[in-house]
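Trainee: Just a sequence and a predicted model for now, questions to come.
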Amino acid sequence: MTRARKLACVVVLVVCAMSLGANWLAPAGYAKQFREAPDAPPSRQHLLGTDEVGRDRFARVLYGTRISLLLAPAAALVSTALAALVGGLAGYLGGFWLRLARGFTDLFLSLPWLFLLITVRALLPLNVSPLTSVLITFLILGLLGWAASARVLSTSADALRNSDFILQARASGLHGPRLFLIHVLPNLKPVLYAQFWISIPVFILSEANLGILGLGVAEPLPSWGSLLRELEGLISFREEPWRLVPLLLLIVVMTSFQLLLSNEEVTA
Amino acid sequence: MLQQSLPAKTQLWKIAQRIAQKLAAIVALVLLGGLLSATLVRMAPGFDVDERQLDPSLSAESQLALRQSRASEHNILSFYAGYLRGAIHGDLGTSHALGQPVQSLLRERWPVTLRVAGIGLLLAWILASTLAFTACLWRLPVFEIFGTTVSGAFLCIPAAVLALLSVILNVPGYLAIALIVFPKIYRYSRNLFAKAYGMPHITAARARGLSETRILACHVLPLAGPQMMALAGITVSVALGAAIPVEVLCGLPGIGQLAWQAALSRDLPLLVNLTVMVTLVTLLANSGADVMVYMLARGES
């Protein structure tokens, strides 16, 4: 492991630990309003100041980070599972099923990711409880983000289908789901892991995009998207530079993911 | 003479066959994309609710007329068949939310998106390929570190944040699109150039005293060209996707903003048309690049 990757690993772990310890680090919580101090600058009581309704920005950053960092991997898990099911199975079955799956993935990939995401999210109810909005947002990411991974997996599974050990297994009388579960799926593991890890930063960025456009996690629950939405009211960077902290944190975490994923991308 | 013309004819026939296959695939995918989008809108909660139905000043007959005006959209297959029949005759329907013919809306909005996305794409290509080429040609760590850091930083910023920053800094929207697309082009083209410049025949060409311009034109570009072409097709899709947040946040009246409005108001005719258009443009760009790559490869062989 290079020094840069070690550092990236430490950064991600520290950020994760801080977000998980939000209850202790920011006991006031993300929704408590300090009505006497709206739009306050950083102070000992509010490390990053307060937002326009007086909520502690530091607490919101910690809780928002927790939501984004916990749910993006969950969405990645859903999308990778779907990709394994569609791509892996189609590659294993080959022929008509492979062509059908490729046509279907082509259809998904022919629409720009942001266009598809924003359209589908906007069509779903927007006036829902914060918890439902979190689930809808990350479920959409998981359910729509499988196509690219499925394409990679179908190619890998197709290559495996004609490999010697699969032929040997077939000759020994192993067929159907058993052959797929015992021999094909375990051999797809490296590609599955790579696709899972690659999806996480993509989903974090996508959630941020949705949040800024007002289609992400509903208030008062914070996420990186809703925190970045605050930038909309910013007139200049010099006036309130502390409002850029969520963006800087996002850049730091995403850069760390990039450094950590350089090997996974090669595997994929 | 006859012997020479036969392979050329065969080649042309094969290229024509490939183009025909691609076109058939495009038509099938566009039609399916339209149907998928229509189904999604139809299934969306609150699809057939019209705000005007809440108006107490409207009589029962008017309310009924409002409900009946959307009756044709309830059966999605019949709606889609009707839409296709109309589209063949040049009628793309009327937008529910904006009350205007979809055709005129598209005619007004496409030029804005084409301009913003086109300039953004061009800037991104110029910036990324120049930086990638310089990094590979001079092989100085400064260029390498600069290019990797800048592209890495922009890769980590959400498209909507770049759009917001362009509003705050009062710079044109196409610059945001350029910065969204730039890292994707830079990373890929840098790797392609590095791979091409690392080939033994390029080292041999340098040893024989060939100028860098000639090495680039005769040896590097033919190697990297086909893949750059494929990348060009993909970047069209990225730029179109990036146009949505940029147009929404920068207040640019383009297709991206129209798609956003259509989705929020569950405007079925408009959304189906936009999905068809966006799918068509993306597929044409990708297939065009694919055919060019195929022609280049055949030309070389």
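Mentor: Ah, there it is. Numbering: from 1, shown residues only, chains lettered A, B, ... in the order given.
Trainee: When you work out contacts or count neighbours from here on, use the C-alpha atoms and nothing else.
Mentor: Noted.
Trainee: Give me the distance between the closest residue to A:P220 other than its chain neighbours and B:A243.
Mentor: In this structure, A:P220 finds its nearest non-sequential neighbour in A:A31, 6.0 Å apart by CA to CA, 6 or more residues apart in numbering or on different chains. Distance from A:A31 to B:A243, counting by CA to CA, to the nearest Å: 34 Å.
Trainee: Now do the SS call for the closest residue to B:S265 other than its chain neighbours.
Mentor: Computed as CA to CA, 6+ apart, the closest residue to B:S265 that is not its neighbour in sequence is B:A97, at 6.4 Å. Secondary structure, DSSP: H, G, I helix; E, B strand; the rest coil: B:A97 is coil.
Trainee: For B:A97, what are phi and psi?
Mentor: B:A97 adopts backbone torsions of phi -70, psi -40, taken as degrees, to the nearest 10.
Trainee: Show me which residues of the stretch 151-300 of chain B are close to chain A?
Mentor: By CA under 8 Å from any CA of the partner chain, the residues of the stretch 151-300 of chain B that approach chain A are B:152-153, B:156-161, B:164, B:168-169, B:237-238, B:240-242, B:244-245, B:249, B:259-260, B:263-264, B:266, B:275, B:278-279, B:282-283.
Trainee: Mind doing that once more with 6 Å?
Mentor: B:C156, B:P158, B:A160, B:S237, B:G241, B:A263, B:L264, B:T279 (CA under 6 Å from any CA of the partner chain).
Trainee: How many residues are close by the fourth one?
Mentor: Going back to what we said before, that points to B:S237. B:S237 has 26 neighbouring residues, counting by other CA atoms under 10 Å in any protein chain shown.
Trainee: And the host helix or strand of it, what does it pack against?
Mentor: According to DSSP states H and E, B:S237 maps onto helix B:221-250. If contacts are counted by 3 or more CA pairs under 6 Å, 6 or more residues apart in numbering or on different chains; DSSP states H and E, helix B:221-250 sits against helix B:255-264, helix B:268-300.
Trainee: what ranges of the chain fall below the confidence cut-off?
Mentor: With no chain named, the answer covers chain A. Counting by pLDDT under 70, chain A contains low-confidence residues at A:1, A:263-268.
Trainee: Switch to chain B, please.
Mentor: The model of chain B has pLDDT under 70 over residues B:1-7, B:44-54, B:66-73, B:298-301.
Trainee: what residue is smack in the middle of it?
Mentor: The geometric centre of chain B, computed from its C-alpha atoms, lies nearest to B:S237 (CA atoms, centre = their mean), at 2.5 Å.
Trainee: If I follow the layout properly, that residue ends up in contact with B:V281?
Mentor: No: taking contacts as CA atoms under 6 Å, B:S237 lies outside contact range of B:V281: 8.1 Å.
Trainee: Check the secondary structure at A:F237 for me.
Mentor: A:F237 is classified as coil under three-state DSSP.
Trainee: And for it, the neighbour number?
Mentor: Neighbour tally, A:F237, other CA under 10 Å: 14.
Trainee: Return the distance of it relative to A:L228.
Mentor: Counting by CA to CA, the gap from A:F237 to A:L228 is 14 Å.
Trainee: With B:C218 instead?
Mentor: As judged by CA to CA, B:C218 and A:L228 stand 48 Å apart.
Trainee: Tell me which of these two has more neighbours.
Mentor: A:L228 (26 against 12).
Trainee: Once you drop chain neighbours, what's closest to B:E247?
Mentor: Excluding the flanking residues, the one nearest B:E247 by CA to CA, 6+ apart is B:Q257, at 5.4 Å.
Trainee: The one you found contacts B:V248, correct?
Mentor: Yes: the pair B:Q257 and B:V248 qualifies as a contact (CA under 6 Å) at a distance of 5.0 Å.
Trainee: Do a quick rundown of the strands in chain B.
Mentor: In chain B, no strands are found when defined by DSSP state E.
Trainee: Just give me the longest helix of it.
Mentor: Ranked by residue count under DSSP state H, the longest helix found in chain B is helix B:2-43.
Trainee: Work out the gap between that helix and the centre of the chain.
Mentor: 18 Å (CA atoms, centre = their mean, to the nearest Å).
Trainee: now the angle between helix B:268-300 and it, please.
Mentor: With axes from the mean of the first three to the mean of the last three CA atoms, to 10 degrees defining the directions, helix B:2-43 sits at 160 degrees from helix B:268-300.
Trainee: And helix B:2-43, what does it pack against?
Mentor: helix B:268-300.
Trainee: cutoff 10 Å now
Mentor: When contacts are defined as 3 or more CA pairs under 10 Å, 6 or more residues apart in numbering or on different chains; DSSP states H and E, helix B:2-43 sits against helix A:95-109, helix A:113-123, helix B:76-88, helix B:268-300.
Trainee: could you check whether the second one is close to chain B?
Mentor: Yes: shown here: helix A:113-123 in contact with chain B (CA under 10 Å from any CA of the partner chain) through A:W113, A:L114, A:F115, A:L116, A:L117, A:I118, A:T119, A:V120, A:R121, A:A122, A:L123.
Trainee: Please identify the residues of the stretch 1-150 of chain A in proximity to chain B?
Mentor: Applying CA under 10 Å from any CA, we find that the stretch 1-150 of chain A lies next to chain B at A:103-104, A:106-126.
Trainee: List the residues that contact B:E108.
Mentor: B:V102, B:P253, B:G254, B:I255 (CA atoms under 10 Å, 6 or more residues apart in numbering or on different chains).
Trainee: ranking those residues by neighbours, who comes first?
Mentor: That'd be B:I255 among the contacts of B:E108, by other CA under 10 Å, with 27 neighbours.
Trainee: What count of nearby residues applies to the residue nearest to that residue when sequence neighbours are not counted?
Mentor: Of all residues not flanking B:I255 in the chain, B:R109 sits nearest, at 5.4 Å (CA to CA, 6+ apart). Using other CA under 10 Å, the number of residues around B:R109 comes to 17.
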